[in-house]
Each structure stands twice: as structure tokens, then as C-alpha cells.
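> Need a 3D model of the sequence below.
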Amino acid sequence: MIIDTDVLIWYFRGNEKAKAAISKAVPFSVSTISVMELMQGARNKAEQKAMNRQLRAWGVNIIHIGEAISIRATQYISDFALGHSMTATDALIAGTVVESGDKLLTANTKHFECVPGMALQRFRP
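Here you go, the predicted model:
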């Protein structure tokens, strides 16, 4: 299971449903894009450190962007940016999920439904 940034944000905000979903999914993976989005959204260094500590405590597998993911994400932007408003970050996360053959847990299924062959599991906060 790959967990999307939004579910992690819900967790760090104290959402009980996110806490339950994540504890069921351990061990899980995240895209390096999600880690960057978490760090970018932190209010200060202490929050960044707390997030990093929690990711390590869960034993999260961080999937880094390689050539295959980049190629796939570039194709998704070409195919879906205009008609579906796909962003570069969502394209990279989608590429990560499809390349890994895994499923994405996300509350933002609308962002990814256009991607053929992408397995999604909806999270409802």
C-alpha cells in the first residue's frame, strides 16, 4: 500500500480515521513527493522533525523517483493536464503507484481516476 500525502496530513492533524487507516497499513510506502509535500507544509523545523521521526517509526518505505516513474509521469501530464487538470506532483505520485504495481490510499481519488490501471482505495476523513 502506498499512502498519499492527504492521508498523512489528516494523521498529523489528529484525525482518528487517518490514524486507524495508517495503523492498519503499516508497513506501507510513500512517494518521495509526499515526503517533500509534508516537509513543505510544516510550520517549523520542529514539525518537520516530528514528521520524519514518525515516518521512521512506521518503517515507511520511501519510493524515490527514477527514470521509469519520470517517463510515466511525463506521459500522464501530456495525457491528463489539460482535460483533467493533473498536476506534476499528482503525475509523479501516479507514476510511482503504477510502476510499483501497488494501490494508493487517498481521499483525492478524483485526482487519479483518469489514470488507466491505477489501483485506488478511497480514504474518507
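> Show me what the helix or strand harbouring residue 52 is packed up against.
Residue 52 is located in helix 45-58, with elements delineated by DSSP states H and E. Packing partners of helix 45-58 (3 or more C-beta pairs under 8 Å, 6 or more residues apart in numbering; DSSP states H and E): helix 5-12, helix 32-41. For glycine as for every other residue, the C-beta is placed from the backbone atoms N, C-alpha and C.
> Show me which positions of it end up buried.
By 16 or more other C-beta atoms under 10 Å, the buried positions in helix 45-58 come out as 51, 55, 58.
> a markdown table for those, including pLDDT and distance to residue 84?
Shown next, in a markdown table, are the buried residues of helix 45-58 (pLDDT from 0 to 100; distance: C-beta to C-beta, whole Å):
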| residue | pLDDT | distance to residue 84 |
| --- | --- | --- |
| 51 | 97 | 29 |
| 55 | 97 | 30 |
| 58 | 97 | 31 |
